[in-house]
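Student: Got a sequence here, can you build the structure:
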Amino acid sequence: MKHLQTQESLRILDIGPTSSTNINYITSLGHSIYMASVVDEASKPEWLTPAKEGEEPIFDVDRFLESNLNFSGRVFDVVIFWDTADYLPEPLIAPVLSRIHKVLQPGGLMLAFFHQTTSPETFFCRYHLTDTDVVEMQRAGNYPLLNVFNNRKIENLFSEFSNYRFFLAKDSLREVIITR
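Tutor: Numbering: from 1, shown residues only. Sure thing, here's the model as predicted:
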């Protein structure tokens, strides 16, 4: 929040369910925002290639990235990734983060949340930025929690990036600030 409030004209990529609250808040600070909600798209069967006999279908990662994370040459200063990695099918996680690395300016920041448990109270949320240190959560769908990452796995996910810092958040979440 300090970064958003002290910088001017940032280009922000919000990768989560569309939030009019976030759009209004970010644009009121003088920044531009681009939305990309990939969890809903990733849950659709159309991204699976037909399976050969006796094999599992394969996720068409390249087609998914081209359709959902093609930013037409845009680059971003900040990426808000929320808890997206926890809900993505495994074949998409590394390619999505690699795409984000490519479109995030050197020195750019990313905020990501990670669930620490598979508790029955864990559900997919839309997160809303506020003027305070509190991020509001609103249930946003019935997507299954597909991944729970330990700290070492999170470090590996962001190995392309230059730095990351872990923080404990409320509601069994870990907050990670990543720098490209």
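
Student: which stretches of the chain form strands?
Tutor: 11-14, 32-35, 48-49, 58-59, 76-82, 104-115, 125-128, 136-139, 163-168, 173-179 (DSSP state E).

Student: can you pull the buried residues of the fifth one?
Tutor: Spelled out, that is strand 76-82. Phe76, Asp77, Val78, Val79, Ile80, Phe81, Trp82 (16 or more other C-beta atoms under 10 Å). To be clear about C-beta, it is placed using only N, CA and C from the backbone, and glycine gets the same treatment.

Student: show me where pLDDT drops low in this structure?
Tutor: 169-171 (pLDDT under 70).

Student: let's see it at 90
Tutor: 1-2, 5, 49-57, 116-123, 131-135, 141, 167-173 (pLDDT under 90).

Student: Val135 against Cys125, yeah?
Tutor: No: between Val135 and Cys125 there is no contact under C-beta atoms under 8 Å: 9.5 Å.

Student: List phi and psi for the residue sitting furthest away from the middle of the chain.
Tutor: Centroid-distance maximum for the chain: Glu53 at 34.4 Å, with C-alpha atoms, centre = their mean. When read as degrees, to the nearest 10, the backbone of Glu53 gives phi -50, psi 130.

Student: Count the residues that sit near the nearest residue to Pro57 once chain neighbours are set aside.
Tutor: Leaving aside its sequence neighbours, Pro57 sits nearest to Leu48 (C-beta to C-beta, 6 or more residues apart in numbering; 3.9 Å). Residues near Leu48, counting by other C-beta atoms under 10 Å, number 14.

Student: Tell me how far the residue farthest from the centre of the chain lies from Ile12.
Tutor: 46 Å (C-beta to C-beta, to the nearest Å).

Student: likewise Glu155?
Tutor: 25 Å.

Student: between those two, who's got more neighbours?
Tutor: Ile12 (22 against 14).

Student: So the more buried one sits against Asp77, correct?
Tutor: Yes: using C-beta under 8 Å, Ile12 is in contact with Asp77, at 6.9 Å.

Student: Give me the contacts around stretch 13-20.
Tutor: 22, 26, 33-40, 71, 76, 78-82, 84, 100, 103-104, 126-128, 140-141 (C-beta atoms under 8 Å, 6 or more residues apart in numbering).

Student: Give me the buried entries from those.
Tutor: Buried among these by 16+ other C-beta under 10 Å: 22, 26, 33, 36-39, 76, 78-82, 84, 100, 103-104, 126-128, 140.
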